[in-house]
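Engineer: Next one to model:
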Amino acid sequence: MIAPGSKAPDFSLRDQEGKLISLRDLEGRTSVLVFYPLDFSPGCTDQLNIYQEVLEDFEAQGATLYGVSVDSAFCHKAFQEREGLTIPLLADFEPKGEVARAYGMYIDERGHNERGFVVIGPDLVVKHVHKSPTPLEIPGANLIFDALAA
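Structural biologist: Below is the predicted model:
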């Protein structure tokens, strides 16, 4: 797993609209990459809806959240529309899980992401990393708020 204090691994992923989002686009602001297993699963639906409920509070602290899973941009778009999400969802689809692997958030034997998050500072340095002990455990929004405050 990537360690706080390291330079964030570079990436370029498509969001649910097909727009390419790269690490360099995050420069100058605090960003949170929220890694989750799969769109439409019960746990992931709960997780993203919890974050959506407090999204304005994250933004008030100067943080931008991005969801990252191995689903395609098309799947992300359908998931976002069904759930009413405004959090950008990034498709780590092909090569499958490449970005999650770079951040230490991929489960090879399952073929999907861990559940966790990485806070990246405006200088593109990793400030905080959290990986849940199991993909069934949703990191509460309070953990992200605590990481942003640290």
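
Engineer: give me the number of residues near the nearest residue to Pro9 once chain neighbours are set aside?
Structural biologist: Closest residue in space to Pro9, ignoring its immediate chain neighbours: Ala102 at 3.8 Å, by Cβ to Cβ, 6 or more residues apart in numbering. For every residue, glycine as well, the C-beta is placed using N, CA and C. Neighbour count for Ala102, taken as other Cβ atoms under 10 Å: 15.

Engineer: count of residues packed around the closest residue to Met105 other than its chain neighbours?
Structural biologist: Leaving out its chain neighbours, the residue that sits closest to Met105 by Cβ to Cβ, 6+ apart is Phe35, at 4.1 Å. Neighbour count of Phe35, defined by other Cβ under 10 Å: 30.

Engineer: I'd assumed Gly97 was in contact with Phe35.
Structural biologist: No. Using Cβ atoms under 8 Å, Phe35 makes no contact with Gly97, being 9.8 Å away.

Engineer: Name all residues that sit in contact with those two at the same time.
Structural biologist: Listed as contacting both Phe35 and Gly97 by Cβ atoms under 8 Å, 6 or more residues apart in numbering are Asn113.

Engineer: coming back round to it: list the contacts for the residue nearest to Pro9?
Structural biologist: Counting by Cβ under 8 Å, 6+ apart, Ala102 touches Ile2, Pro9, Phe11.

Engineer: again with Glu27
Structural biologist: Applying Cβ under 8 Å, 6+ apart, we find Glu27 in contact with Pro122, Asp123, Leu124.

Engineer: Now for the second one: which residues touch it?
Structural biologist: Spelled out, that is Asp123. Glu27.

Engineer: which SSE is the residue sitting nearest the centre point of the chain in?
Structural biologist: Nearest residue to the geometric centre of the chain (Cα atoms, centre = their mean): Val34, 2.1 Å. Following DSSP states H and E, one finds Val34 within strand 30-35.

Engineer: ok, now Lys77?
Structural biologist: Using DSSP H and E, Lys77 sits in helix 73-83.

Engineer: same check, this time on Tyr66
Structural biologist: Using DSSP H and E, Tyr66 maps to strand 63-69.

Engineer: coming back round to it: could you check how far the residue nearest to Pro9 is from Asp15?
Structural biologist: 18 Å (Cβ to Cβ, to the nearest Å).
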